[in-house]
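S.K.: What follows is a predicted protein model with its sequence.
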Amino acid sequence: MGSDIADLNNDQKPDVFVLDMLPEDNYRQKVLKGPDQFNRERTLVDSGYHHQYMRNTLQLNRSVSADSSLAFSEQAQLSGVSNTDWSWAPLLADFDNDGLKDIFITNGYLRDFSNLDFTNYTVNEAISQAQQSHSNVDIGLLVSKMSSTKVSNYVYKNKGEAQFVDKTSEWGIEKKTVSNAAAYADFDNDGDLDLIVNNLNAPISLYQNNTNNLNHNYLKIQLEGSGQNAKALGAKVLLKLNDSTTVYQEVYYGRGYQSSVEPVLTLGTGAIQNVDELKILWPGGKTSVLKDFKVNQTLVLKEEDAEAYASSGSNEAQAFFKDITKTSNLEFKHQENAYQDFNSENLILYRASMLGGKASVADLNNDGNDDIYFEAAKEQPAVLFLGQTDETFKPFNDNQPWTSPGATAQEDLGSLFFDADGDGDLDLYVVSGGNEAFNGDDFYQDRLYLNDGNAKFTEAKDALPDMRFSGATVKATDFDKDGDLDVFVGGRLNGKNYPMTPKSILLENKSSDGRIVFEAQRNYDIANLGMVTDAIWEDIDADGWQDLIVVGEWMPITILKNKQGVLAKSDAYDLNDATGWWTSIVPFDFDNDGDTDYLLGNMGLNSQLKASAEEPMRYYIQDIDNNGRIDPILSYYIQHKNYPLAGRDELLAQVPGLKKHFPYYEDYAKTTTEELLEVAQIKPRFVLDIKELRSSVLVNSGNESFHLEPLPVEAQASVVQHFIVEDFNNDGNKEVLAAGNFFPFKISLGQMDASFGSLLQFENGKWISLKEAEQLNLRGDIRDLNLVRFASGATKVLVTRNNDFASLHEVNP
């Protein structure tokens, strides 16, 4: 399809917008788009092809990184411009002259040749009839039976920060056509850009722009290049409106789809009537500069009148975090085993067997240097590295218990260093998890390793009760105030039964006379929390007893109050509706008011999935066909109606008996979730919902009162898996490092990989994102962040990933 390149967020770097063909409405999605073909996609990727997703992509330019490579972050879904049907020509231009480039998109295809009813039934019937009559298929007759659907073109207004709002109807572009090529020009010479659009089998459309009625200002620039480059192609134009806003435009006139726009630049200036500076960087190496002049005019600038360009130095971004993995002798790659969840659980959102890739950090031998335990995937041994005085690492794994065949057969999803036996050194608790087995399998039994004080461990085989469930979270405290550390273990999954609630457990330390024993407390509230992803112990009410805050997937933020050693859910904090895809919780008094607030990681907004209190995502959980396996139906809102996410083929593959209700794709495409439940007589056993997808701060308002505030848009570009709070730039104030991504989603959602890490700071009553030169540039499927400290006083940042290498970073080198 078509593409265009322009600076959409006024950061003086060109962004790239490429069109595809994902419809906006549910009907066309379900009729035109077939099921995910994971095995085929995996084969193509393994053969060197890139991942392919059927939606528009907006690649925001993250500037030249420290290794001199270009970096782009795909954020079309976050920006609101990913679903525009079968699209052809994108034009990125400032149509309302407010200083921000908007987006116009042409749309349409004459015949719905991917209509699944047509390809699966009409075509097959025609072939069958031809074979029976010993004749050829009448292609012309067959094509005439193919549906033809006209749809409107799209236009989006830029709200700033590359966020867009659909203005198709309000700006008069709602006519339904089959359009392809398009171009813009100021046809009536009134200072704004008009549009001309080619329509298939119909007259062209000419749209007059009435922006001049808004009293927005403009500047038109005509460039005359030297030699054969008469139009100065490749020139760069920087229009500085004020100290905070510079409009950037590169000079290319071939744009969109098989079209060329007017060879004059029209740049909006909004309410600004006097420009600070205009700079032209000519392709031949010269520069032109004009200062302090009026707008609403046409400037004609010639390259021959320009002066030699004086470079101000490299534009290469300076690394605020330097990768020192190799020089630190720290080499570990988390390596998933080959297991395909979708083969047995067709309706789940992601490969639930791919949740590992974390680490635990502590000083295990009291030498002042932190050591690192890397959790391992199934069929892979975990690895322990000991920190050295020269700030490097050495592996220390000979005869360690996690290298035994029994341990490597399990999968680590969580770990914790704590003093389990009260001897003054740190022991290791490892949580077993995954999705390859049903609950009750030995695969899920947790392990406790005791430290001899020199980082040599032995397994305490009888210390833990039978707890064969898939977990991921372990947190220790003396909840009963008897002088030893107890352990909360959060259940992550109900093995091979996503999203059924797994079991969580509270282990009370009953060790005595040198015998290490942890006993499971019987606590209904803890046992049925949900799919726990993280937790912290905090004395919320300052009564001297440690309370427990738990977050998880398809869970509310849950607070369990500790009443003298007895934990119970509390509804006093009004958080039951704060259901989300919560991934992590980190305490941080961000507003310096003396009480503890909490950073909360979440899915973010760069996805097809959207949720709010009024229009939540929901999972309806039931065994529809009574075969002993649950059939979870996920629903979400599209254009204010609730529809199942799964396509007809995916649902029928899980529950073939539903075909009698939906013999054709069109029948299913018209069906809301409520209608599906009613017609199929489905009565859900459980219903889970999500009402918030934004990574947020749980703000402590005092008097045991909390409320949620979202983090800035930079933190919503992908899943935030973890946070670190630290004064990274030595300014006396603590910043927040957020990082994440999540690759295992089903193909129709695509891997979430847009986050490169964010550095956030709360300043003057609001969150701000620090400049990109100070970004960590973290890529990959990041699952954990840890600070690593050395006896020298140095602090490093450890980043671990799923199915990939870990990395260590020096801060502000």
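M.R.: Here it is on my side, so go on.
S.K.: for residue 449, phi and psi?
M.R.: phi -110, psi 130 (degrees, to the nearest 10).
S.K.: measure it to residue 431 for me?
M.R.: Look at residue 449 and residue 431: by CB to CB, to the nearest Å, they are 12 Å apart. Yep, even glycine has a C-beta here, placed from its N, CA and C like the rest.
S.K.: mind checking how far the residue nearest the centre of the chain is from residue 745?
M.R.: The centroid of the chain falls nearest to residue 718 when counting by CA atoms, centre = their mean (2.0 Å). Look at residue 718 and residue 745: by CB to CB, they are 11 Å apart.
S.K.: what secondary structure does the residue nearest to the centre of the chain sit in?
M.R.: At residue 718 the chain is in coil, as set by DSSP: H, G, I helix; E, B strand; the rest coil.
S.K.: Let's see the pLDDT reported for it.
M.R.: At residue 718, the model reports a pLDDT of 98.
S.K.: please renumber so the chain begins at 43
M.R.: Let's use 43 as the start, then, which means that last one is residue 760.
S.K.: The protein: helices as residue ranges?
M.R.: 68-74, 80-88, 118-121, 158-159, 165-174, 181-186, 447-450, 566-569, 690-696, 707-711, 715-721 (DSSP state H).
S.K.: Quick one: the ones you listed as CSV, columns for mean neighbour count, distance to residue 336 and mean pLDDT too.
M.R.: Below are these laid out as CSV (neighbours: other CB atoms under 10 Å; distance: least, CB to CB, whole Å; pLDDT from 0 to 100):
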stretch, mean neighbour count, distance to residue 336, mean pLDDT
helix 68-74, 22, 49, 95
helix 80-88, 12, 55, 84
helix 118-121, 26, 33, 98
helix 158-159, 20, 58, 90
helix 165-174, 12, 64, 87
helix 181-186, 10, 58, 85
helix 447-450, 14, 73, 86
helix 566-569, 16, 69, 97
helix 690-696, 20, 60, 96
helix 707-711, 20, 56, 97
helix 715-721, 16, 58, 96
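S.K.: I'd like to know which of those lies nearest to residue 329.
M.R.: The closest of the helices of the chain to residue 329 is helix 118-121. By CB to CB, the value is 32.5 Å.
S.K.: so how far is that closest one off the chain centroid?
M.R.: Offset of helix 118-121 from its chain centre (CA atoms, centre = their mean, to the nearest Å): 11 Å.
S.K.: got the CA coordinates for that helix in PDB?
M.R.: The C-alpha coordinates for helix 118-121 follow below in PDB (Å, rounded to 0.1, in the frame of the first residue of the first chain):
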ATOM      1  CA  ALA A 118      -0.200   3.400  15.000                       C
ATOM      2  CA  GLN A 119      -2.600   1.800  17.500                       C
ATOM      3  CA  LEU A 120      -1.600   4.200  20.300                       C
ATOM      4  CA  SER A 121      -2.000   7.100  17.900                       C
END
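S.K.: For it, give me every contacting residue.
M.R.: 59, 97-100, 124, 204-206, 646-650, 755, 758-759, 796 (CB atoms under 8 Å, 6 or more residues apart in numbering).
S.K.: hang on, the earlier thing: need the helices of the chain in JSON lines (columns: distance to residue 579).
M.R.: Output for the helices of the chain, formatted as JSON lines (distance: least, CB to CB, whole Å):
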{"stretch": "helix 68-74", "distance to residue 579": "44"}
{"stretch": "helix 80-88", "distance to residue 579": "40"}
{"stretch": "helix 118-121", "distance to residue 579": "34"}
{"stretch": "helix 158-159", "distance to residue 579": "52"}
{"stretch": "helix 165-174", "distance to residue 579": "62"}
{"stretch": "helix 181-186", "distance to residue 579": "67"}
{"stretch": "helix 447-450", "distance to residue 579": "27"}
{"stretch": "helix 566-569", "distance to residue 579": "13"}
{"stretch": "helix 690-696", "distance to residue 579": "40"}
{"stretch": "helix 707-711", "distance to residue 579": "48"}
{"stretch": "helix 715-721", "distance to residue 579": "39"}
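S.K.: related to what we said a few turns ago, quick check: strands, which of the contacts of helix 118-121 are part of them?
M.R.: Taking DSSP state E as the definition of strands, those contribute 59, 99, 100, 205, 206.
S.K.: Who does the third one form a beta bridge with?
M.R.: Going back to what we said before, that points to residue 100. Note on residue 100: beta-bridge partners residue 59, judged by DSSP bridges.
S.K.: Does it touch residue 123 like I think?
M.R.: Yes - here residue 100 reaches residue 123: they are 6.1 Å apart, a contact under CB atoms under 8 Å.
S.K.: got any residues that touch both of those two?
M.R.: Common neighbours of residue 100 and residue 123 (criterion: CB under 8 Å, 6+ apart): residue 59.
S.K.: Out of the ones in strands among the contacts of helix 118-121, give me the one that has the most neighbours.
M.R.: The most crowded member of the ones in strands among the contacts of helix 118-121 is residue 100, carrying 27 neighbours; neighbours defined as other CB atoms under 10 Å.
S.K.: List the contacts of it.
M.R.: Neighbour list for residue 100: 50, 57, 58, 59, 116, 117, 118, 121, 123, 124, 204 [criterion: CB under 8 Å, 6+ apart].
S.K.: Nearest to residue 320 among those?
M.R.: Nearest member of the contacts of residue 100 to residue 320, counting by CB to CB, is residue 50, at 20.3 Å.
S.K.: Need the per-residue pLDDT for the closest one.
M.R.: Per-residue confidence at residue 50 stands at 98 (pLDDT).
S.K.: Looks like it contacts residue 141 (just checking).
M.R.: No - contact criterion CB under 8 Å: residue 50 and residue 141 do not qualify, at 11.8 Å.
S.K.: Which parts of the chain belong to which domain?
M.R.: Per automatic domain parsing, the structural domains of the chain span 45-62+97-152+190-350, 363-652+733-853, 659-731.
S.K.: for the last one, the distance to its chain's centre please.
M.R.: A distance of 26 Å separates the centroid of the chain from that of domain 659-731, by CA atoms, centre = their mean.
S.K.: Give me the neighbour count for residue 321.
M.R.: Counted by other CB under 10 Å, the residues lying close to residue 321 total 17.
S.K.: Who does the nearest residue to it once chain neighbours are set aside form a beta bridge with?
M.R.: Distance criterion CB to CB, 6 or more residues apart in numbering; nearest residue to residue 321, sequence neighbours excluded, is residue 280 at 4.5 Å. On the basis of DSSP bridges, residue 280 is bridged to residue 290, residue 321.
S.K.: tell me the contacts of residue 280?
M.R.: 54, 288, 289, 290, 319, 320, 321, 322, 323.
S.K.: if we go to 10 Å?
M.R.: 49, 54, 288, 289, 290, 291, 319, 320, 321, 322, 323, 331 (CB atoms under 10 Å, 6 or more residues apart in numbering).
S.K.: before we move on, what about residue 310?
M.R.: By CB under 10 Å, 6+ apart, the contact list for residue 310 reads 135-144, 233-235, 253, 256, 258-261, 281, 283, 289, 337.
S.K.: how close does the nearest residue to it once chain neighbours are set aside get to residue 450?
M.R.: If the residues on either side of it in the chain are set aside, residue 310 comes closest to residue 139, at 3.1 Å by CB to CB, 6+ apart. Distance of residue 139 to residue 450, computed by CB to CB: 64 Å.
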